[in-house]
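Trainee: Provided below for reference: sequence and predicted model.
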Amino acid sequence: MSIGSAVTRSRFKNTAVFSFIALASLSAFSCGKKTPASSSVSTVDIPNTNAKWQSIGNCWIYAATGWVEALALKASNGTNVLNLSESYLTYRHYEELLQSPGLTEVETGGDFFESSSLMAKYGVMN
């Protein structure tokens with residue numbers, strides 16, 4: 001592994017950690033609160049991609065690829081629409097599981113850090 005890719009991976013992990021902490025903080029403070037009828041807070045329309053059909057327990061991969069697609073849309077002011085392949089990362093996940101020594105059970109679960117690790121190792125694919 002080169003030093004540049006280690007630095008990139010470290011920055012990606014730090015960004016992911018801070019994003020998760022910010023989301024968790026916002027969720028903790030907003031749970032159960034009603035939105036006021038009128039507010040001085042303005043809303044913004046953030047570009048997003050279409051929802052996709054997920055049929056197995058790989059929602060964590062869908063969430064991570066959706067996050068990357070949204071970042072690309074935001075960075076390009078809505079002009080760079082990606083349609084990343086969750087199936088590709090799911091395949092790579094199972095490939096790694098099946099090559100694990102002492103494997104006793106194949107599980108579908110994972111988390112954001114595992115999906116970001118898969119993206120860093122194998123890249124993403126349309």
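Mentor: Thanks, I have it. Numbering: from 1, shown residues only.

Trainee: any weak-confidence spans in the protein?
Mentor: Counting by pLDDT under 70, the ranges of the chain that qualify are 1-39, 44-46.

Trainee: mind listing the helices for it?
Mentor: Applying DSSP state H to the chain gives helices spanning 3-30, 59-75, 86-98, 112-122.

Trainee: list the buried ones in the last one?
Mentor: Of the residues in helix 112-122, those buried under the neighbour-count criterion (16 or more other CB atoms under 10 Å) are F112, E114, S115, S116, S117, L118, M119. C-beta here means a position set from N, CA and C on the backbone, and glycine is covered the same way.

Trainee: wait, which of the residues you listed is closest to G102?
Mentor: Set against G102, the nearest of the buried residues of helix 112-122 by CB to CB is E114 (18.4 Å).

Trainee: do I have it right that the closest one meets A63?
Mentor: No - using CB atoms under 8 Å, E114 is not in contact with A63, being 11.4 Å away.
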